[in-house]
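Asks: Generate coordinates for the sequence data below:
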Amino acid sequence: MADQVLVTGGAGYIGSHTVLELLEAGYRPVVIDNFHNTVRGEGPVPESLRRVEELTGKKVEFEEMDILDKAALQGLFKKHSFSAVVHFAGLKAVGESVQKPLDYYKVNLTGTIQLLETMKTHGVKNLVFSSSATVYGNPSYLPLDENHPTGGCTNPYGKSKFFIEEMIQDLCRAEKDWERVAGRKELPNPMGPIGMGGPTGPQGNPGAPLRFPGSPRGRDGPEGRREIPYRIVARRDGDVAACYANPKLAQEELGWTADFGLDKMCEDLWRWQEQNPMGFGSQA
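Replies: Numbers count the residues shown, from 1 in each chain. I've put the predicted structure just below:
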């Protein structure tokens, strides 16, 4: 029987794409999500996961759950025999974290601690944690690589991710049987749908101009595409001026290279947005 893998926050954008890959690789993902960052839609599973099922021809096991509910987590681990956990669940907006820092520390830190404690109780010691490029703060050099120092975070979201990385490292130093990977998922920012998914929440007024956070002296907008109304707006609270990665290690260690350029990614994302103007919230 295939290994069961728990995916927290698995109904979101990156989570649902990960579930698709797990199914294709022969695993049995079990997804939990509380829909803070996504929209459920109709049916027994969220719309994003329904599309995963449609693409793979396989069923996705799903439970609506909050990682702050420790009793629910304990019940979940008693019901299943997980071989690993992929942890995406948490609050994730840089600007909002500046305005609501305690919410971010409570959900991201307390939720992760409860998840780790539950994993430990049930002998599950394999973890993939979805971190963030925000742990680097204002870059000392670009492109960023794995040797760049972390911890100079410019917002509570990034600090929460950095603290979690430190917690996991300390746990693994104390208990040598833990295996973990911290993937800084925003290096570079994920973009573009794969079949079923793009953004998973309401995207605002479909007819409103696109908003590009940055300097008024930024470039005039996309070239070689249809005329698109847009506005250059102020940088969001807590954002850094520039952040992009050197993908060399991923190529050397994993054989990964980017298949598409920026034009193709924008084209696919724009097509998805036209077909789903309010995200998954408008799906039946």
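Asks: okay but residue 43 is in contact with residue 50, surely?
Replies: Yes: proximity of residue 43 to residue 50 meets the contact threshold set by Cβ atoms under 8 Å, at 5.8 Å. C-beta coordinates here come from the backbone N, C-alpha and C atoms, glycine included.
Asks: what about these two, which has more around it?
Replies: Neighbours were counted for residue 43 and for residue 50 using other Cβ atoms under 10 Å; residue 50 has more, 20 against 12.
Asks: what sits up against the one helix or strand the more buried one maps to?
Replies: Element membership of residue 50 [criterion: DSSP states H and E] is helix 47-56. With contact meaning Cβ atoms under 8 Å, 6 or more residues apart in numbering, helix 47-56 is reached by 10-13, 16, 19-20, 23-24, 31, 38-41, 43, 45, 59-60, 62, 195-197, 200, 280, 283.
Asks: in that helix, what's buried?
Replies: Across helix 47-56, burial judged by 16 or more other Cβ atoms under 10 Å covers 47, 48, 49, 50, 51, 52, 53, 56.
Asks: any idea of the mean pLDDT in that helix?
Replies: Rounded to a whole number, the mean pLDDT of helix 47-56 is 94.
Asks: Determine the next helix or strand in the C-terminal direction from that helix.
Replies: Assigned by DSSP H and E, the successor of helix 47-56 is strand 61-64.
Asks: downstream neighbour of that next one in the secondary structure list?
Replies: Trace forward from strand 61-64 with DSSP H and E and the next one is helix 70-79.
Asks: gap between whichever helix or strand comes after that following helix and the chain center?
Replies: The helix or strand immediately downstream of helix 70-79 is strand 82-87, counting by DSSP H and E. On the basis of Cα atoms, centre = their mean, to the nearest Å, strand 82-87 is displaced by 15 Å from the centre of the chain it belongs to.
Asks: Same question for stretch 139-149.
Replies: So, by Cα atoms, centre = their mean, the centroid of stretch 139-149 is 21 Å from its chain's centroid.
Asks: Equivalent analysis for stretch 244-264, please.
Replies: 18 Å.
Asks: Going by neighbour count, list what's buried in that stretch.
Replies: Those would be 245, 246, 247, for stretch 244-264 by 16+ other Cβ under 10 Å.
Asks: Check stretch 66-81 too.
Replies: 66, 67, 70, 72, 73, 76, 77, 80.
Asks: cool, stretch 146-160 as well?
Replies: 148, 150, 152, 153, 154, 155, 156, 157, 158, 159, 160.
Asks: show me what contacts residue 162?
Replies: 134, 135, 150, 151, 153.
Asks: which residue ranges form the strands in the stretch 1-150 of the chain?
Replies: 4-8, 28-33, 61-64, 82-87, 126-131 (DSSP state E, counting those that start in this stretch).
Asks: Compare these and give me the one nearest residue 119.
Replies: Residue 119 lies closest to strand 82-87 among these, at 6.0 Å (Cβ to Cβ).
Asks: partner strands of that closest one, parallel or antiparallel?
Replies: strand 4-8 (parallel), strand 126-131 (parallel) (DSSP bridges).
Asks: Relative to residue 85, how far out is the nearest residue to residue 83 once chain neighbours are set aside?
Replies: Nearest non-adjacent residue to residue 83, counting by Cβ to Cβ, 6 or more residues apart in numbering: residue 3, 4.0 Å away. Applying Cβ to Cβ, to the nearest Å, the value for residue 3 to residue 85 is 12 Å.
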